[in-house]
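**Q** My questions concern the predicted model and sequence given below.
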Amino acid sequence: MNKRKFSPRGKVWGKIKNNRLALLGASVILVLSLMAILGPMLTPFGPEEQSISERLLAPHSKHICGTDELGRDVFSRMLSGARVSLSVGFIAVIISSCIGIIIGAAAGYYGGRIDSVLMRFVDIMLSIPTLFLILILSVYLGPSIINVMVIIGLTGWMDLSRLIRAEFLSLKKREYVLAARVCGASDARIIFKHILPNALAPVFVSVIFGVGGAILAESGLSFLGLGVQPPDASWGSILASGKDYIERAWWMTVYPGLAIFITIMAYNLLGEGLRDALDPRLVE
Amino acid sequence: MDNLVEVKDIAKTYKSLDGVFGMEKPVVAVNGVNLQIKKGESLGLVGESGCGKTTVGKIILGLEKPDAGTVHFENKKISGLSSKEMFSTRKYMQIIFQDPFASLNPRIRIGSAIGEVLTVYGVKDTEKLVKQMIEIIGLPEDTYYRYPHEFSGGQRQRICIARALVGNPKFVVCDEPVSSLDVSVQAQIINLLKELKEELHLTYLFISHDLRVVKNICDRITVMYYGKIIEEGDTDIIYTEPLHPYTELLISAVPSMIMKNGVRRKRNAVSSVSAINGEGCPFFYRCPKRIEKCGTITPVLKDLGNNRKVACWNV
């Protein structure tokens, strides 16, 4: 029809549109995000509202996901946990993307000694077992939501920085970058205006996968008691309190577990769809 | 006439890691090149792929650092300057690249791509100047708001010319500007470059492997082989009486529709042998006229007067 259809962005959207699994993932993420935002409006119970007479009730019409050992509504707690999990996912990824982009860009653009030093640093970071590092940092910094975001962000940037470095290495030799240098453009202008916008495709994919990974990491930390502290809820901490009652109250573990599973699945499906759509080698 | 650009004894060696077990293998790109480009002339730099001609262009513009030697622009030394010190001179030098598809940023509108140099140097009225330039290169007005993928190769090359010339440069390196275009478009671009040169009083360093193109636009020609200059002279003389066997080979390799005296010029096989070990003429192994001396002593570039220089023991 018109020329816009042939633009790179238009092509990517066309491919995503035809990928049903990716669309499913995107809609699940949208619904979950809406539920997290609307949270309190979707349920009559507060997440910390206790009712001793209604302890460990199986799911029924009033408490659709049952109640926990203190008589709190599991569905309400999961909604408030969704806020925690999703925002930890996003903010942790924003932190790790910033670090990854800065380190990768510096290493790729300046090369030489800066590159060697930064990449050896990445190697060192990668050779430390992530869980171990997270445990040490969270013990040192103390458990809180903010710390969880920072910790996950600080341990998840290495792959992205390698991706960005590789993109910068190839893009900085492009002729339009040389032309900008001949025009007297500063390093900052070249990096942010000419190289970075063209290096962002792999970043998107990595960010989408990263959000899923960060949510999983947060759940793990909270499950171990190093993340969100009671009475605040997160999917991981609901799971952790539910594990003691797993024989009497399956709903306390199954529902938050399912929420984690569905969320991660949705991010992975969208991430894979996006990766296929952005991969120029997979042209039909 | 004054020399606008002067290149003195520049050398550049790249390190390749292709060797066995990642051993460094030096690749000589440029080896002791001297060039003088006069104000208002266009100098053609010819030679086969890999002979170092692009590297010479990049060194002049400061895109590559030479291992040795200096570059002077308007009698001011510009090699070895930091990008800040270079900033004031940079405005007067520009480049047009070979591949118009790689030389425009796909995410930037044509208007701001052409206007980049003006923006960087803080010129007011960028939009007006850019639109004037778009008119000069013969593209429609709405080009300003469009993206590179909407244009063909020839149109993109026009845009690159506009980008190079909008800042009013004095010196433009044209690095194979028409090699990736088809022949009918080549002629248009060459004519455009010629017209603009007259109008804007430009000086060109015209890098090409295509002698037909160079003949059309250049006043003087420098022939490079394996990182060295082997012959230099006015265009007409180089074409009619090439002195160096390599120049002769290059000229006879130009496909021509017209047969001279009923017979085609004798053509030597252009095989690429670049096994050169230190001393001797770099062209030794391919030279039909080699003598014993050529294998042991590197010929020096002799000045024959009248702009003529050649590096061959037979001359």
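**A** Received the coordinates, thanks. Numbers count the residues shown, from 1 in each chain, chains lettered A, B, ... in the order given.
**Q** in what helix or strand does the residue nearest to residue A:152 when sequence neighbours are not counted lie?
**A** Ranked by Cβ to Cβ, 6 or more residues apart in numbering or on different chains and with sequence neighbours excluded, the top spatial neighbour of residue A:152 is residue A:92, at 3.8 Å. Any C-beta I mention is one placed from the backbone N, CA and C, and that applies to glycine too. Applying DSSP states H and E as the criterion places residue A:92 in helix A:74-110.
**Q** In terms of secondary structure, what does that helix contact?
**A** Where contact means 3 or more Cβ pairs under 8 Å, 6 or more residues apart in numbering or on different chains; DSSP states H and E, helix A:74-110 is packed against helix A:20-38, helix A:112-127, helix A:145-155, helix A:158-171, helix A:196-223, helix A:235-242, helix A:251-278.
**Q** Centroid-nearest residue for the chain?
**A** You didn't say which chain, so I picked chain A. residue A:211 (1.0 Å; Cα atoms, centre = their mean).
**Q** Hmm, no, I was thinking of chain B.
**A** Chain B, centroid-nearest residue using Cα atoms, centre = their mean: residue B:207 at 2.1 Å.
**Q** who's that one bridged to?
**A** Taking DSSP bridges as the rule, residue B:207 bridges to residue B:45, residue B:175.
**Q** I figured it hits residue B:172, correct?
**A** No: between residue B:207 and residue B:172 there is no contact under Cβ atoms under 8 Å: 11.0 Å.
**Q** Off-centre distance for the helix holding residue A:92?
**A** 5 Å (Cα atoms, centre = their mean, to the nearest Å).
**Q** cool, stretch A:153-160 as well?
**A** Its chain's C-alpha centre lies 11 Å from the corresponding centre of stretch A:153-160 when counted by Cα atoms, centre = their mean.
**Q** ends of it, how far apart?
**A** One end of stretch A:153-160 to the other measures 12 Å (Cα to Cα, to the nearest Å).
**Q** contacts for it?
**A** Residues outside stretch A:153-160 that contact it (Cβ atoms under 8 Å, 6 or more residues apart in numbering or on different chains): A:91-97, A:99-101, A:103-104, A:122, A:125-126, A:130, A:133-134, A:137, A:203, A:206-207, A:210, A:213-214, A:217.
**Q** Just the buried subset of those, written out for ChimeraX, thanks.
**A** This is the ChimeraX syntax for the buried subset of the contacts of stretch A:153-160, where burial follows 16 or more other Cβ atoms under 10 Å in any protein chain shown:
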select /A:91,92,93,94,95,96,97,99,100,101,103,104,122,125,134,137,203,206,207,210,213,214,217
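**Q** What ranges in the chain fall below the confidence cut-off?
**A** No chain in the question, so chain A it is. For chain A, the stretches flagged by pLDDT under 70 are A:1-11, A:280-284.
**Q** nope, chain B please
**A** B:1, B:17-24, B:255-278.
**Q** mind listing the strands for it?
**A** Counting by DSSP state E, chain B has strands at residues B:3-16, B:25-38, B:42-46, B:68-73, B:76-77, B:93-96, B:171-175, B:203-208, B:220-225, B:228-234, B:302-305, B:308-310.
**Q** Give me the sheet partners of the fifth one and which way each runs.
**A** By that I understand strand B:76-77. Sheet pairing for strand B:76-77, assigned by DSSP bridges, gives strand B:68-73 (antiparallel).
**Q** likewise the second one?
**A** Next to strand B:25-38 in the sheet, as set by DSSP bridges, lie strand B:3-16 (antiparallel).
**Q** Show me what counts as buried in the strand it pairs with.
**A** B:3-8, B:10-12.
**Q** now, among those residues, which is nearest to chain A?
**A** Checking the buried residues of strand B:3-16 against chain A by Cβ to the nearest Cβ gives residue B:5 as the nearest, at 14.5 Å.
**Q** Now the closest one: closest residue in space that isn't a chain neighbour?
**A** Spatial nearest neighbour of residue B:5, chain neighbours left out: residue B:37 (4.2 Å); criterion: Cβ to Cβ, 6+ apart.
**Q** pretty sure that neighbour contacts residue B:4?
**A** Yes: using Cβ under 8 Å, residue B:37 is in contact with residue B:4, at 5.6 Å.
**Q** which bits of the stretch 151-284 of chain A sit near chain B?
**A** A:174-176, A:178-187, A:189, A:193-194, A:197-198 (Cβ under 8 Å from any Cβ of the partner chain).
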